[in-house]
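can you look at this prediction? I've put the sequence above it.
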Amino acid sequence: MQCAMLDQLHGMTEDGSMDSTSAPPRRRSRKKFDKQVDAVMWASRALIGIAAASVAEVEDRVSIPQLRILTLVATRGPLSLAVIADELDVDPSSASRSVDRLMKAGLLDRRDAPEDRRRLAVTVTTDGADLVQTVTDHRREAIAAVLKKLSATQRDELTVAFDAFAVAAGEPTTDDSLTLVWPLHP
C-alpha cells in the first residue's frame, strides 16, 4: 500500500514501530499520528458533505436543530422534554419551542409517558419518522456509492476502523440505521 511505503521511507516498519536507525521515536511517531489525524479529517469532510446533502433533502420542512430532535426521538423512542434538552445540550425552553413547532408541523406528538401518566413523553409521528427515514436513506445511498469504489478488503478494514472510532468517540453501540449526525454528548 502507498501508506506503508511512505511509512517505510520515514523510518517506520510495517508493524508501525520505528526502525532503529531512524530519528528519535517521539518525533517520528508524532508525524505518523499527525498523518492519522489528517486522514480522519479528510474523510470527515467527505462524510460532512454527505450529511449536509442528506439534510438538504428536508431543509424546506425543518431546521437542523429540529432534525436533531426528530432523529433523537425517532431513534430513542418516547422521551421527556427534559431528556431531549439534556441529550442535545440545549436550554429546556429552546427544546420546548422546537418541539412545539414540530408538533404544529405534525412531525412530533406529546402523550402520557407509558411509565408515568403524570408525565408527558414526546413521540415521533408517521410523518416525522418518514422525514427522518428520507434523510437516512439519502445518506445511506451516498455512503454506499462511495463504498462501492473500494475493494471488499478496504471496506472490511474501514468497517473495523470506523467501529473502533465510533466506540472511542462514545457513540451508542446499536445496529439501528437511524443515528444522529451529531454526538449525543460531545
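Arrived safely.

any idea of the mean pLDDT in the longest helix belonging to the chain?
Using DSSP state H to define each element, the chain has its longest helix at helix 25-56. Here helix 25-56 scores 87 as its mean pLDDT.

determine the set of other helices and strands touching it.
Secondary-structure packing of helix 25-56 (3 or more Cβ pairs under 8 Å, 6 or more residues apart in numbering; DSSP states H and E): helix 126-147. To be clear about C-beta, it is placed using only N, CA and C from the backbone, and glycine gets the same treatment.

what is the helix it packs on packed up against?
Using 3+ Cβ pairs under 8 Å, 6+ apart, helix 126-147 sits against helix 25-56, helix 64-76.

what angle do helix 64-76 and the next helix or strand after the shortest one make with each other?
Once helix 64-76 ends, the next helix or strand along the chain (criterion: DSSP states H and E) is helix 81-88. Relative orientation of helix 81-88 and helix 64-76, computed by axes from the mean of the first three to the mean of the last three Cα atoms, to 10 degrees: 110 degrees.

can you dump the C-alpha atoms of helix 81-88 in CSV for me?
Presented in CSV, the C-alpha positions along helix 81-88 are these (Å, rounded to 0.1, in the frame of the first residue of the first chain):
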residue,chain,number,x,y,z
LEU,A,81,-38.7,17.2,27.1
ALA,A,82,-36.1,17.3,29.9
VAL,A,83,-34.2,14.4,28.3
ILE,A,84,-34.3,15.9,24.9
ALA,A,85,-32.9,19.2,26.2
ASP,A,86,-30.2,17.3,28.2
GLU,A,87,-29.2,14.9,25.4
LEU,A,88,-28.9,17.8,22.9
